[in-house]
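Trainee: Mind folding the following:
(5 chains)
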Amino acid sequence: MSESFWLNASIFAPLVGAVLIGFLPDGRVRLLRGAALAVTLATFALSIGVLASFDPGVAGFQQVTRAEWVPEWGIAYITGVDGVSLWMIMLTTFIMPLSVLASWSVERRAKAYFIFLLALETGMLGVFAALDLFLFYLFWEASLVPMYFVIGMWGYGRRIYAAMKFFLFTLAGSLLMLVAILFVYFNSGQGTFDYQTLLGAPFALGTQRLLFLAFFASFAVKVPLVPLHTWLPDAHTEAPTAGSVVLAALLLKLGAYGLIRFAIPLFPDAARELVPLIMTLAMIGIVYGAMVAIVQRDLKRLVAYSSVAHLGFVVLGVFVGTIQGMSGGILQMVNHGLSTGALFMLVGALYERRHTRLIADFGGLARSVPVMAGVFLFVALSSLGLPGLNGFVGEFLVLLGTFLGYRWWVVPAAFGIVLAAIYLLWAYQRVFHGEPSEANRGLVDLRAREVAMLAPLLALIAFIGVYPEPFLDRIEPSARRVVAQLRESSALPGGEGAPGGSATGDGAGGQGP
Amino acid sequence: MTLSADAGAHATLAPYIVALPLAGAVVLLFFGKRIGRAAGVVASGAIAGSFALGVASYLGLLAAGEEEREASVRVFDWIQAGDFRVAADLLVDQLSIVMVLVVTGVGTLIHVYSIGYMAGDPRYPRFFAYLNLFAAAMLLLVLADNVLLLYVGWEGVGLCSYLLIGFWFERRAAANAAKKAFLVNRIGDFAFMLGIFVLVSEAGTLVVGDVNRAAADFDPGIATIGALLLFAGATGKSAQIPLYVWLPDAMEGPTPVSALIHAATMVTAGVYMVVRMGPVFEASGGAALEVVAWIGALTALWAALMACFEYDIKRVLAYSTISQLGYMFLAAGVRAYSASMFHLVTHAFFKALMFLGAGAVMHALAGQVDMRKMGGLRKVMPITGVTFMLGWLAISGIVPFSGFFSKDAILASAWQEGRYALWALGVGTALLTAFYMSRLYLRVFEGPVVVPGHAREHGGVHVHDAPPTMAAALVPLALLSVVGGVLNLPGALTLEHFLEPVVGHSEVPGGLTPWLLAGAALLVAAAGIALAAALYLAPAGEARRARIHGRARVPIDAARNKFFVDAIYGRAFVLPGKALSSFAANTVDARLIDGIVNGTGRLVAGASEGLRRWQTGYVRSYGATFLLGVVVIFSILFVRGVVM
Amino acid sequence: MALEYAVFGAVFVVALGSSLAMLFARNAVHAALFLVATQVALAVAFLLQGAFFVAAIQIILYAGAIMVLFLFVIMLLGVDRREALTEPLPGQRPLAIGLGALLAAQILYVAYRGVELAVPGGGDGAGAITELNRDPGNVRAVARLLFGNYILPFEATSILLVVAIVGVMVLARRIGSIEAAASGAGSPATEEAA
Amino acid sequence: MPFQPPDVELAGIAPELALLVAGLLLLVFDAAFGERIGRAYLPYAASAGLLVALGLAVAGWRSAADRGAELQLSGMVALDGFSAFVKISLAVFGLLSVWIGRDYLSGEDDESEFFGLLLLAVAGMMLMGSAADLIMIFLALETFSIALYVLVGFRRRSLEGLESAMKYFLLGSFSSAFFLLGIALAYGAVGGTNLYGGAALGGAPGLVDHLASTSGGELGLLVLATGLLVVGLGFKIAAVPFHMWTPDAYQGAPTPVTGFMAAASKLAGFAALLRLLDATLYPLRWEWRPLVIGIAVLTMVVGSVLAVVQEDLKRMLAYSSIAHAGFVLTGVVAANDDGISGSLFYLATYGLTVLGAFAVLSLLAGREERRVRLADHRGLFYDSPLLAGALTLFLLSLAGVPLTSGFVGKLVVFGSAIDAGYSWVAVVGVLASAIAAFFYLRVLVVMYMQEREGPAEPARRWPWAGGVVALTALATLALGIFWGPLIDLAERATFFFAA
Amino acid sequence: MSIAPGFYLALAGMMFTIGAVGALVRRNAIVIFMFIELMLNAINLVFVTFARVHGNLDGQVLVFFVLVVAAAEVVVGLAIILVIARRRASANVDDVSLLRW
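Mentor: Numbering: from 1, shown residues only, chains lettered A, B, ... in the order given. This next block holds a predicted model:
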């Protein structure tokens, strides 16, 4: 069994499972659920193999598979992991069984539902593992379609509008990326889509800028960065619970991952030049997302906007050009996946009980469902970055990295932690505090299944908060590599580059003088 | 758990000091329902165990040589990213052990008190879980060897404060107060975090000792910014101007919480932190300390003014706490760190005592807090009355109670440093302190017996003294309030001498001056008590009060309305913030950005609708379009190919 | 020479005149007759340039066969039908005329420079044509080309014609069945022409 | 000068001849015996003819591969990889159309004419693919155009059908006139109408030859001719602004014919356009490129935008076919090998996909063409999951979603444009595809996310059309994943005869 | 053949344009079609004229093909027009506009 077995098996296990589920009878919902759960759990088990055989000391890619696919075009099936993708893959395989658990209330057309969900998992895992630009794009788009159906077919209220918006937004961005990928292919002179080969391809700064922006358009939509974010609240709000969980916990990571994996390493000079712009956007996202979240009336929408703010931290960390920022940003991707995923599960659980998401309809739930209240608070605290829980580690590193790189630029971003406390605690107060109204009395507290789907998340939230080392250890070598790409000028013939000298000067190596 | 080889033996216990209450909290959170009534005992046992371990550590520390008293223990590596490394290290030295003893000691008493006080509450186990969690966080805060770990404890206690203020979350006021406390603290923490960044970038480390050693080389400007940011954090946690507003509201929490968190321990975290990071503050070349001292002095006076006109006994105590914390900052600001710590300790004793006494009164009067509806209670609840009286005398600064010594130390230090203005502010505050505390004490416990109507009806005869568990907490605290002063009596065992290795030496006045200063303080205290007696105890007090009120209606009303600070904050920050958020959500997001998005869609659809009219259905107009295309193409090529 | 100019002048006037007349003829039959006149004039123009065979089939096929077909259909639909000369489509007429004028101007310029655009120096192969017409003769020369180089297009026209025939068959059957359907369903009668 | 009859080599037109023979036999046989023996054999016979033609086209591919490209029949046709590729594709499209039409027409009394005309139209299109002379192109164009005029008007008793036929016909002849004027001007410029000419044809004048020996301002007339030729072919491929007939004709025509037009007629038009612009007139590319870019951009944008509000599925697909013409035009603009092979690949895969889509429509709408409005397909997925699934696949392919052949097609044509330095055209293209995605998604929304109103109308159980759906779905998927072989073929097909 | 080819081309050009314009402004389908025939005729003149310019007969042969095509178109076209005219009792193309937008 070769070293790369686990990775490839993890990628395709859900797809195989989806095909097999296709042969099950449509009406047997329990059977279908069980099968989907089994497939996702098996995938998780396989991905444990990836984690186990991962060598933390290696900065480059490991467990690499390379198989020719369309040799005429230099397209190959290349997959591999590094410290960045490892955790994204683990997060995906970890979240998926939980989102299957969160889909227990899906009774209608369950077969199609689980098939889409599993196809989606393969798509996302493929994105995280692909080391060939073509393959990457393939998986990237392939992850779009199942989600479209999940939102559109099993969503609420304005699901069709939301699904359309989601699809078109993402597609518009990714098509620009496609053009850029093709441009790279044709103009690199390498005749290949192989990511690692293309890394060194020298492009003039002006060209790089356009290419970077094309990639960036695609990723920024997915992240999402303000002002390209408006698909997100709609999609999150209207999607079924598991859809929101997957969207928030995993799909948004595709964008940030793309920035780290592709946008920066392929076009480092352009990335360096555009750092101020992107940082500004990220900061706007942090503050703006939080402010908009404060006044939301719909609980799910509130959580959705909190994602905008959180992902702002991620992007900020990625682009500040310090190892702390990068590591923190990557860790924050995992953190956000855990805490926001859990929040969406809780909101979904609330919806199942009360059939409303309006904050004003709730109140006093801490009395009627104390365990859920406690869990919600715990997750909210993680989300608002309480030290000792996971969110803090990521946010702190991001902010520290920002400070080391850019000093007082950090202030608006850091103020985001105050705003996060405002919207989360205010929402918590309105939902859980106070005297419960008649409708809010006598609700059922968390069921065993719900505990089973939340407990792993809570455990991990606490674990990362207390002991993030296993994560950071594996992230750091890869993060260091990307930071180096962002900071150093590549060997440009014209000697362009290194424009960000003053900006990145005093954070060298993460420490001041 | 690995212990570093060079750790002093006495530090080995430190992790367990934190872990014990933490374990108690976890056990109670998960199994609270099953444990039921025994929760109070479990929790008290956990914190008492911590206290015992603290004492053991203290003894171990005393046994160690002068040079080896500072010891740290590594629990595990926490965060590493690049050169930035933070470990979960705990530091045991003279300063932290003092705090440990105060926290666990007072904490244990309050736990015990709560067993009686909270009896009958449906969420009884949860209360103790939170209380234990708080103790753990607070101990982590004081024992942290690096600033980030301190920050963990710092926010941890904030969280517990939130949970406990909002313990009776069904009450809107409690829920609001909890949220307010957390948010105001978050603002402080935001500054604190920025301060941490400054420390990391300047010192390259967050280990307290290393930072303090490196501080000497800091650029004064940077050091000032860093120190002020840290201090901004402290103003949040320790309720100083401008972030004190949450503390009076925090009285919505159960009274033991007010005693433990909002009087004795948590709110002093800011003082502790300033003392801890003293060298950083000093590195700014005086500017930062100047700010600390002035903020402290002004807060002391400001809060005391408000305390003078408040009728809610818990709120009076809350303002008093703010005021006393101001004293501590005043001391720290003049580098009298040990005086600051000294006052911190004595204040913990007498303020906790008074809160618990107030709690006993409320307990007896079915939750009544308005002092106008009380009177002469010493006669019906003698233990509470007497112990409260001791606390009153202590805070008022009457010889030989503990407050006299600690307050005097602060004032003397200010004088010694030549900061006469600060000294004057301190003395003025002392007058007010004596006055409002006497007002409180005299109204509630002296004079004719007054019991609020509903308390009489509900339990008329049941206006009783505190139950034994509550009394068990009151009496030791009362004793400590009385004798706490000995801690700093001149001699080898003084607190000042003990702390000197950590906080450095501070000059005390010599010769006749200290006696004169002490006399002045005593005189002022007596004046305050006399004034209160004249207004509240004397038969003519009622008339005098009316006269004064008539003459100074405006300032008094202002003071009763907390000088409108809450309202001003509301107008200046909360409302505009909400408006801005609404603007962002409803206008920018929904109209502008989504408007552009949907507008693009509409534009395409509109273009589609418009363009389809072009497809008229008349074949001749199709032909016209065709011909148009031909002519355009022909003309272009004609110009390109033929003419040119 | 002079005769040639005179004939060309006549051709020019007749061809252009009857083309224009077509535009304004309200009656379809008149338009068809003007078209015949134009075609006859063109045949003369062919003759003037030595295209004898083509001139002949122009008369026979075009003016003879095709135009007869046109007239036949016009008759079938009713001769007297007059077309209103108002224009219901807004802008159609100015647009058509404007575009036509632009196009005509450009083509005229091309015609003015046309030959030199194609053949450097504006060569004239009239001599060669005359030569070919003498030997082997116009018809024979054309035939040689048609059955030589152009044999495939020539044969391909047969496919074209088959298609046309089959097409007309289908459409004719359409007419029958539609009329049957129409009369069967009692839909508006087809004989409404006045 | 004695007359030298030309060498008659039939290899170059063998598939056309086969179709001609098959078509004529079919017509005659049916006319003679139709009443007696019924018509059930007709689709088999038509399929047989097309299969023979397919075999001959493959043989032509072999021979071109073995012997290299050559001109035959006095330079009238080229036997090269390009023409063979086009003919193979056309034969396949013809087969699929016959199969769709078989169920659609079954029982009608003019089946034989339908199949006969279809075969002759395919023959004409094939001739277009191999024509190496402008007049051949014109004749081929007219042959299949006239067949299509009739086929479009094939719907019994439908005024819409007749109207569409008339519009198509009038505009078609109008456009023919311009195309012919283009030929005339080209003849004036060159002295002959052959695309190649020169030594290989005994010194006969031809475009390539002329361009090689002439330069500069003396090409003015040829440039004008190019413009008019583009107009004529632009009409066939439905490029804006010569597209106006498309929606009306597509909507009015019988569904199998619509599919046939979308797939085959477009391919034939592009075949001529590619040969003309990217091979023959390549030296003049600086003249025609801006023009074609303009047309391409207009076509992509107008087609995509106009499809957005369509409620009739056939009409929507018509506008979408306009947009697709624009996408292929980017490959024409590129005018490099990738552009040509990409265009061929695109056209081949697009044809399969769009035929599949129309096959689904014909299964749904039936002979009466009743269920063609968007709203008629609410909840289709729940009534006919397989059909809806297939249509989904086709629409996703048309939208250019990866793992479908449509994606690869876009990839190659946009890629070629980028390679040629026209990235901005590709950007316009992707933006147009983003708009286009909207209306494909609308169909998915209707099928999956809305509930049916009223009773379910079961789809027809037509085995032949169903088979077409299955085959094209398979092809759409397979070519989306393993597209190497086909793109390889298309690349080898870019071998033009150059004298 | 002493008249310069340009004159013939000019004549053809004007006729072609008249044909194009006429096809757009007239409403009777048959008349429209006649104008299209006029355009083809004009093209024939161009062919013949260029044949003369080049001194070869290819142009004259091409006229032949144009004629055939015109004939085929006429047959089919008139049939279509006839069918519709029978159905609608009108040869006015503006009456046939069911399919639009």
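
Trainee: Poorly predicted segments of the chain, please.
Mentor: In the absence of a named chain, chain A is used. Scanning chain A with the threshold set as pLDDT under 70 gives A:1, A:489-513.

Trainee: ah, I was thinking of chain D
Mentor: Checking chain D against pLDDT under 70 turns up D:1-2, D:107, D:156, D:215-218, D:497-499.

Trainee: could you redo the last one with a cut-off of 80?
Mentor: Per-residue confidence of chain D (counting by pLDDT under 80) places the weak regions at D:1-8, D:34-35, D:38, D:106-110, D:155-157, D:198-203, D:214-219, D:368-371, D:454-460, D:495-499.

Trainee: Residue of the stretch 201-350 of chain A nearest chain C, please.
Mentor: Among residues of the stretch 201-350 of chain A, the one nearest chain C by Cβ to the nearest Cβ turns out to be A:Leu210. It sits 39.5 Å away. For every residue, glycine as well, the C-beta is placed using N, CA and C.

Trainee: Let me know the next secondary structure element after the strand or helix carrying A:Ser307.
Mentor: The secondary structure element spanning A:Ser307 is helix A:299-319 (assigned by DSSP states H and E). Following the chain from helix A:299-319 toward its C-terminal end, the next helix or strand by DSSP H and E is helix A:323-354.

Trainee: can you tell me if that following helix touches chain B.
Mentor: Yes: for a cut-off given as Cβ under 8 Å from any Cβ of the partner chain, helix A:323-354 has contacts with chain B, namely A:323-324, A:327-328.

Trainee: And the residue of the stretch 351-500 of chain A closest to chain D?
Mentor: As assessed by Cβ to the nearest Cβ, chain D sits closest to A:Tyr351 within the stretch 351-500 of chain A, at 19.7 Å.

Trainee: Need phi/psi at the residue lying closest to that residue once chain neighbours are set aside.
Mentor: When the adjacent residues along the chain are set aside, A:Tyr351 lies closest to A:Arg357, with 5.6 Å between them (Cβ to Cβ, 6 or more residues apart in numbering or on different chains). With angles defined as degrees, to the nearest 10, A:Arg357 sits at phi -120, psi 0.

Trainee: Now do the contacts for B:Ser396.
Mentor: In this structure, B:Ser396 makes contact with B:403, B:433-434, B:437-438, B:525, B:528-529, judged by Cβ atoms under 8 Å, 6 or more residues apart in numbering or on different chains.

Trainee: Now with 6 Å, please.
Mentor: Neighbour list for B:Ser396: B:434, B:437, B:525 [criterion: Cβ atoms under 6 Å, 6 or more residues apart in numbering or on different chains].

Trainee: do the same with E:Val25
Mentor: If you count contacts by Cβ under 6 Å, 6+ apart, E:Val25 has them with C:93, C:96.

Trainee: switch to 10 Å and redo it
Mentor: Counting by Cβ atoms under 10 Å, 6 or more residues apart in numbering or on different chains, E:Val25 makes contact with B:620, B:623-624, C:23, C:85, C:87, C:89, C:92-97, C:100, E:31-32, E:35.

Trainee: ok, it to chain A distance?
Mentor: 44 Å (Cβ to the nearest Cβ, to the nearest Å).

Trainee: A:Leu228 should be in a helix, yeah?
Mentor: No: in this structure, A:Leu228 is coil, not part of a helix, as judged by DSSP: H, G, I helix; E, B strand; the rest coil.

Trainee: Pull out the buried members of the contacts of E:Val25.
Mentor: Neighbour-count burial within these applies to B:620, B:623-624, C:23, C:87, C:89, C:92-93, C:95-96, C:100, E:31-32, E:35; the criterion is 16 or more other Cβ atoms under 10 Å in any protein chain shown.

Trainee: For those residues, work out which two are farthest apart.
Mentor: For these, the farthest-apart pair by Cβ to Cβ is C:Leu95 and E:Val31; their separation is 18.7 Å.

Trainee: Find the nearest non-adjacent residue to the residue of the stretch 201-350 of chain A closest to chain C, please.
Mentor: Leaving aside its chain neighbours, A:Leu210 sits nearest to A:Ala180 (7.7 Å; criterion: Cβ to Cβ, 6+ apart).
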